[in-house]
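Undergrad: here's a sequence, model it:
(one chain, ligands or ions: 1)
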Amino acid sequence: MGNLPNDHFVERCVLTSPSRPLPLLSQEALPFWEGCLKDQLLLQHCCDCGAINWLPKSFCARCSSDRLTWKEASGDGVLESFSIVYRPMNEAWASQVPYILALVWLKEGIRMVTRLEMEKGRIPTIDGPVRVYFVDIGDGFKAPFWRPQ
Ligand SMILES: [Zn+2]
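TA: Below is the predicted model:
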């Protein structure tokens, strides 16, 4: 019995080990990723209290309602913070270093951990306006990246 979890873990690793990490396709997050394929940044809203769930959930984090809907975000935000990555967390991104991980505060009032793209040699501006765009990350996915406006 004690070996069962390890066997399961190994099997899952073999079956789900792509060349790089891919988004987790939970039922709650599926509309978000489908929106990305259409260059739409969709956010999950509560139909009862209006709160935005980020990350998507099966219920509202504020009022626990399960009446949720999806609305397209403005695509505008401000850069709160960033870090330039020289040593990637995964070998799959080794060819992309240096790249910028950023905290973006969306106009809608949520914070997103994301990628920021800058022209070579330029420095990101804290509190500067940024706008979303969508990048093909392979294997049928597009992801929201941000760049200065
Ligand atoms: Zn709610």
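Undergrad: ok, the closest residue to R62 other than its chain neighbours - contacts?
TA: Sequence neighbours aside, A51 is the residue nearest to R62 in space, at 4.0 Å (criterion: CB to CB, 6 or more residues apart in numbering). C-beta here means a position set from N, CA and C on the backbone, and glycine is covered the same way. Residues in contact with A51, defined by CB atoms under 8 Å, 6 or more residues apart in numbering, are H45, C60, A61, R62, C63.
Undergrad: who are the neighbours in contact with the residue most central in space within the chain?
TA: For the chain, the residue nearest the mean C-alpha position is T114 (5.9 Å; CA atoms, centre = their mean). Taking CB under 8 Å, 6+ apart, we find T114 in contact with L101, A102, L103, V104, P144, F145, W146.
Undergrad: restricted to buried residues, select those residues in PyMOL.
TA: The following PyMOL line selects those of the contacts of T114 that are buried, judged by 16 or more other CB atoms under 10 Å:
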select buried, resi 102+103+104+144+145+146
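Undergrad: nearest to A29 among the contacts of T114?
TA: Checking those against A29 by CB to CB gives P144 as the nearest, at 12.7 Å.
Undergrad: secondary structure element for that closest one?
TA: Here P144 sits within strand 141-148, counting by DSSP states H and E.
Undergrad: leaving out chain neighbours, which residue sits closest to P124?
TA: Of all residues not flanking P124 in the chain, F82 sits nearest, at 5.0 Å (CB to CB, 6+ apart).
Undergrad: what sits against that neighbour?
TA: The contact partners of F82, by CB under 8 Å, 6+ apart, come to I100, L101, A102, L103, L116, P124, I126.
Undergrad: what parts of this protein come near the ion?
TA: Contact residues, the chain versus the ion (CB under 5 Å from the ion): C46, D48, C49, A51, C60, R62, C63, S65.
Undergrad: show me the residues you listed that map onto strands.
TA: Secondary structure from DSSP state E places C46 of the residues of the chain next to the ion in strands.
Undergrad: which among the residues of the chain next to the ion count as buried?
TA: The buried subset of the residues of the chain next to the ion (16+ other CB under 10 Å) comprises C46, A51, C60.
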